[in-house]
Each structure stands twice: as C-alpha cells, then as structure tokens.
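# Give me a 3D structure for the following:
(chains A and B)
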2 protein chains.
Amino acid sequence: MAFETGDPPGQSGRREITGFSNPTVKFLRSLRDKKHRKREGKFLAEGLRLLTDARISGRIPELLVMAAQRDPHPLLAQLEEAVLSCGGQIIDTTADILTKITGKDNAQTVVGMFAEFDTSLGSLDRSRGDIWMAAQALRDPGNLGTMLRTCDAVGAGGLILIDDCADPFSVEAVRASMGAVFTQQIAMAGWDEFSGWLRSEPGQLPGQLPGQLVAASLRDAVDYRGAPYSAPCFILIGNESRGLPAEYEDACDLRVTMPMKGRADSLNAAVAGAVLAYEVLASFD
Amino acid sequence: MAFETGDPPGQSGRREITGFSNPTVKFLRSLRDKKHRKREGKFLAEGLRLLTDARISGRIPELLVMAAQRDPHPLLAQLEEAVLSCGGQIIDTTADILTKITGKDNAQTVVGMFAEFDTSLGSLDRSRGDIWMAAQALRDPGNLGTMLRTCDAVGAGGLILIDDCADPFSVEAVRASMGAVFTQQIAMAGWDEFSGWLRSEPGQLPGQLPGQLVAASLRDAVDYRGAPYSAPCFILIGNESRGLPAEYEDACDLRVTMPMKGRADSLNAAVAGAVLAYEVLASFD
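Numbers count the residues shown, from 1 in each chain, chains lettered A, B, ... in the order given. Below you'll find the predicted structure:
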C-alpha cells in the first residue's frame, strides 16, 4: 500500500525534503520492517563511521539522507562524492525527519539506503578466510550483528545463517555489526543446502576436509582448548534457547566444549562463538 | 504519583487479581522504569527457570505473579512454597495482565518481584573467585546481563560496575543474565572508591598483589594469550563507544590486547570480556 510504505525514491542527484509525509520519508521509514525490506530489497545503515566502512569495502549507498544541521567532515564529503558518482541520490533534511526514519532519538546525522547483497551460498568465496562462523536459527539481531563484528576481528571469511535466522539487514543487526555487515561475506541457507555446499568443494591439501564443521556442544565433546581444528574451520552455533538439533551436532566433524563452572550450562550465542573463534585463531597461528 | 506507579503490594498470602487497573499491577509495571525501581528498591525477574536459579541461590521473591492458565510443575510448587514460607505473596492473574506487567508478548507464566541486593563494595567476598569482571560506564543492559552470564560460566566472583553503568536490575539485564544476576556478586562504585577497595586488601601470598587489574587495551599492551595473569584477576572492560579512560588504563597492572585482523579496532564489550575471562581461566588451570 502506497500510504503505508511510500514510493521508492526517484531520480539521481541532490534534493531537499522538509515534509514528514513525503513519500521517500515513508519509504525509508518502512525499511525498519522486515516485510518491506524483503519486498524492496533495500536496507538502512546509520552513521558516518559505518557508512565509511561500507564505502571503503566498495558498498556505496543508493541514497544518502543527511541532517541539515551538521558539521562538515572530509569523510562525509568523500561519501557524498561516491554516492553521486555512482548515480545515487542525496537528500538534505531535518534532524526530526531523520529521527522519524531511524526511529531512534539522537539519530546519527547521516543515513544510507543500500541494496541488499546476494546472500546465496554460491556467492561465497571460501578462500577468503580460514575461519567461518555459522549460526543456526539465531533469533536475536544483536547477537547476529555481534557475530559479524567478531568475524571481522578474527579475519573470518564470513557468516552463514542456517535455517530461520534473524535478518542481517535489520537496523539492530547492522548497528551491532559496527560495519562488519559490509566487510564480511554473508549467506543464508537451509541445513541441507549448507551441508551439501560444505562437503562439495575439495580441500586444498590431500586428505584435507573441504571444510571442518565444529560445534560447541555438551555431548561427546572434547575440550575446546587445543582441539584439532583445521582450516577452513566452520564454527557452528545453535539457537539461543534450544541450541543445535542433535542431528546437526552429529553431522559435525568435531564437537568441543568450554568449561562451565557455574549453574548455567551455556553461554550467550555470540559469546560462545567468539571464545571459540579466538581459540581457533590461536591454534592456526 | 499513585496513578503512575500504583501502591506497593500489601499483605502476605495468596490472592487473585483480574483488573488491569489494580494498584499492584500498576506498581509492578512501574518497576520497568529505573526511576521507580530505585525508589522502591525492587525489581522483576521472569520465568520458572530463572526464578528457580534464584531460589536455589537463596533469593526468594517477595511476590510471585502467576498466570491462571498454566501447567503444573514441581519446580513451580517448590517456588510457591518458598515464597509463602518466607512470608511473601502469591498473586494469580490472567495472561493479559502478566503481559501488561512485563511489557513482553508471550510473557512467561510466572514473574517474581525481588528486593534489590546490597551492591556496596563492602558486601563483596573477594575469596569467592579467582576471576572478577569489572565494567566501566557500560551502557547496554544486554551486555551487562551477558557479562554476568559469562561470570557464572567461568566461576567468577562477580561483576563490579564502575562509574555510571546500566542497571543490573533492569528487565533486559536480568533476562540476558539467564539467572546469573542471582548467583553472582554485584557491586557498583565510582572509580576512586573501586581503586581504593582493590588495593586495600592484602594478597594471600607474600609479594602477591591484593588484586591484579587487567585491561583490554591497544596501548602499551601485551598479547592476551599467555599473559602473566595472577589471582584474583580483575578484568576491566570499558564503555561500548569510548573504551576506558586513559588514566584508568594507566592504573592497570597489566594491559593486554587481542588480535584484530579486520577493519574494526574493538570487539563488543561482552565478547571482549568473555574472550579474556576464558583465557585467564585457562591460565589458572
């Protein structure tokens, strides 16, 4: 419905918007909802730092919205130049309208709209990292973004989202990723498709697995510390409440466990992934 | 204002509430706001699992609110018995009213109201753990709860919140802690007070520091892996955006750094704390 979502932004160049009911404002605002993001194939990212990470990674927003009251900044000028030279649009508007678009008080003074990336397994370049993270049915966008951020930190190849996960292009996930949504490869796939893909490519060395699948698990597991990790190593983290299905754990090449000294039997999903990823990184050094 | 906050709950025993405008419902609902929590010294925790962790840790809710449509459960019966035998109240109500209290769709079928604990540094038993976590100006309640959960997992003594942090008794922090808010010692203090306390107690062995303060830092730091940690080790994590003030870093006994292979120069605060805590745990084994 046009009333709900507004019309998609139009021509390239620079213009000003001062009205809250402007169709482009409505369109951008609607991208906070997953349904609209998926239909339009667009998403939002906020802040000069994040948008600069995107630019340097070759991701240029199709549209840039900027608050009229802003300090000049050389990175902002570079961003504007990149948007215009790629045929994108720049919109100058008020701080209030920017707040309306992002739904966040004290909104950043610049917001970019991007086309969603290709998230097929086939788009992944497996040679881009020795460590990969995979999350199964991960529900929390903050956890998802944090895992992307950890992927960046350990120099991972990317994050694979298995089964029904939170949306990596949600505002919360993009924020929590601190820009890693632009620097990391991201794919989404069902379990069977992922398994097939993982086992399909030959390893680089004779006898090497095409990819080692490692689960954080309590069953039949070895200590995560000093476990026999091999590259490319895919660290598989399960759903926040239920963990991994037993048959997924069974399909792993290695099951590792971390000490749990207290009452609880699990860590936060993003924390478990990070502790494992840093251990794998140290073992590859 | 009575209209906003409702009146505090009254007498011990069991009763039923069916009206949304009941003063006890308003009172409980108001505890979602920090201002009201602090004034009343009470907070909420949801869910049978979490409330059972609390009970086993000797924390009994002063008031228990239960949805009328619920399945019987032996742990629930034990919880009810504990509340009544400690002179607390049990309120039977509807699922809708429970949702109103917690502000969460699909609310848990049981919610407890607790008196806030003593969070003075003097209340801490430093002998209860070789690892401690300390967070400075931590703003995100989810990060705070996740750090508590990690504290539990590594068998830490507790979490010390330095300067102006998020509230550990907020609904979000309690949820993210997965019960660790009840099992971990928690203290809040300004930096000077914390420094004085840390350096005041003599070490257990001759020449041992009373407490080793370790910062995750980029300045003048050694590799976090295999660094000379000593117990009791206090892991200090800074604010999500600004990190630690330089003078706090300078005051640390050890500054360690984790590999950062990507574009970003930092990890999520709760992730950094966990990676460090598991490294310290391994070094103490």
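# Could you list the buried residues of stretch A:235-242?
A:235-240 (16 or more other Cβ atoms under 10 Å in any protein chain shown). From N, CA and C alone the C-beta is placed, and that goes for glycine too.
# what does that stretch rub up against?
Outside stretch A:235-242, the residues that touch it by Cβ atoms under 8 Å, 6 or more residues apart in numbering or on different chains are A:131-140, A:143, A:147, A:162, A:213-216, A:244-245, A:248, A:252, A:268-269, A:272-273, A:276-277, A:280.
# Packing partners of whichever strand or helix holds A:Y278?
In this structure, A:Y278 sits in helix A:269-284 according to DSSP states H and E. When contacts are defined as 3 or more Cβ pairs under 8 Å, 6 or more residues apart in numbering or on different chains; DSSP states H and E, helix A:269-284 packs onto strand A:131-136, helix A:141-153, strand A:212-216, strand A:233-237, helix B:141-153, helix B:269-284.
# Kindly state which of those is positioned closest to B:R175.
Nearest to B:R175, of all the helices and strands packed on helix A:269-284, is helix B:141-153, at 6.3 Å by Cβ to Cβ.
# In chain A, mark out all the strands, start to finish.
Using DSSP state E, the strands of chain A run over A:13-16, A:42-46, A:63-67, A:89-93, A:110-115, A:131-136, A:158-162, A:185-189, A:212-216, A:222-223, A:233-237, A:254-257.
# Just send those strands back as JSON lines, with mean pLDDT too.
Formatted as JSON lines, the strands of chain A follow (pLDDT from 0 to 100):
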{"stretch": "strand A:13-16", "mean pLDDT": "91"}
{"stretch": "strand A:42-46", "mean pLDDT": "96"}
{"stretch": "strand A:63-67", "mean pLDDT": "94"}
{"stretch": "strand A:89-93", "mean pLDDT": "95"}
{"stretch": "strand A:110-115", "mean pLDDT": "96"}
{"stretch": "strand A:131-136", "mean pLDDT": "98"}
{"stretch": "strand A:158-162", "mean pLDDT": "98"}
{"stretch": "strand A:185-189", "mean pLDDT": "98"}
{"stretch": "strand A:212-216", "mean pLDDT": "95"}
{"stretch": "strand A:222-223", "mean pLDDT": "96"}
{"stretch": "strand A:233-237", "mean pLDDT": "97"}
{"stretch": "strand A:254-257", "mean pLDDT": "96"}
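# between those, which gets nearest to B:V256?
Nearest of the strands of chain A (Cβ to Cβ): strand A:131-136, 20.9 Å.
# can you give me how far the closest one is from the chain middle?
12 Å (Cα atoms, centre = their mean, to the nearest Å).
# partners of that strand in the sheet?
Partner strands for strand A:131-136, per DSSP bridges, with pairing direction: strand A:158-162 (parallel), strand A:233-237 (parallel).
# Which residues outside the first one are in contact with it?
This points to strand A:158-162. A:119, A:121, A:124, A:128-129, A:132-138, A:144, A:147-148, A:151, A:168, A:184-191, A:194, A:234, A:236.
# Could you give the number of residues near A:L161?
Look at A:L161: counted by other Cβ atoms under 10 Å in any protein chain shown, it has 23 neighbours.
# how much space between it and chain B?
18 Å (Cβ to the nearest Cβ, to the nearest Å).
# And for A:K26?
26 Å.
# same deal with A:K100?
23 Å.
# Close to chain B: what parts of the stretch 51-200 of chain A are there?
Residues of the stretch 51-200 of chain A lying close to chain B by Cβ under 8 Å from any Cβ of the partner chain are A:53, A:56-57, A:142, A:146, A:149-155, A:176, A:178-180, A:183.
# again, only this time at 7 Å
A:53, A:142, A:146, A:149-150, A:152-155, A:178-180, A:183 (Cβ under 7 Å from any Cβ of the partner chain).
# could I get the residues you listed as a markdown table with pLDDT and neighbour count?
As requested, those are exported to a markdown table (pLDDT from 0 to 100; neighbours: other Cβ atoms under 10 Å in any protein chain shown):
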| residue | pLDDT | neighbour count |
| --- | --- | --- |
| A:D53 | 92 | 23 |
| A:G142 | 96 | 22 |
| A:T146 | 98 | 30 |
| A:R149 | 97 | 25 |
| A:T150 | 98 | 32 |
| A:D152 | 97 | 26 |
| A:A153 | 97 | 28 |
| A:V154 | 98 | 27 |
| A:G155 | 97 | 17 |
| A:M178 | 94 | 25 |
| A:G179 | 93 | 27 |
| A:A180 | 96 | 29 |
| A:T183 | 93 | 22 |
